[in-house]
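[1] give me coordinates for this.
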Amino acid sequence: QVQLVESGGGLVQAGGSLRLSCAASGSAFGFDAMDWYRQAPGKQRELVAARTSGGDTNYADSVKGRFTISGDNAKNTVYLQMNNLKSEDTAVYYCKVVQKIPKNAYWGKGTQVTVSS
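    Below you'll find the model as predicted:
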């Protein structure tokens, strides 16, 4: 049974930084991808940053240059370093992982990020 533990959310002033972590367990063959999504009130969930087990990354245009996704494959952990935060970054941030075998996807419960202006 795959389990995800997210941490690092909180309240920060605009221009500040936060670092989110997501630790996954329960997959014998590891994970193909570990990504971060977010959902703001009244909006659809959107991809923020994605990372493959090979280290390839992809970012939403709105966070390029401010957010950095990184990971530790040995620890099945993914991080999201968020700098120069803006009020529009306020959302619940979710970790999503895709197993290597079988290719099932799992979501974390989410962590709240609130940026005050």
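[2] for Gly30, give me the pLDDT.
    In this prediction, Gly30 carries a pLDDT score of 89.
[3] and it, how far from Ala24?
    Applying C-beta to C-beta, to the nearest Å, the value for Gly30 to Ala24 is 9 Å. Any C-beta I mention is one placed from the backbone N, CA and C, and that applies to glycine too.
[4] which residues are in contact with both of these two?
    Asn76 (C-beta atoms under 8 Å, 6 or more residues apart in numbering).
[5] tell me which of those two has more neighbours.
    Ala24 (21 against 15; other C-beta atoms under 10 Å).
[6] which helix or which strand is home to the more buried one?
    Per DSSP states H and E: Ala24 is located in strand 18-25.
[7] and the helix or strand following that strand, how far out from the chain middle?
    Once strand 18-25 ends, the next helix or strand along the chain (criterion: DSSP H and E) is strand 31-39. Strand 31-39 sits 5 Å away from the centroid of its parent chain (C-alpha atoms, centre = their mean, to the nearest Å).
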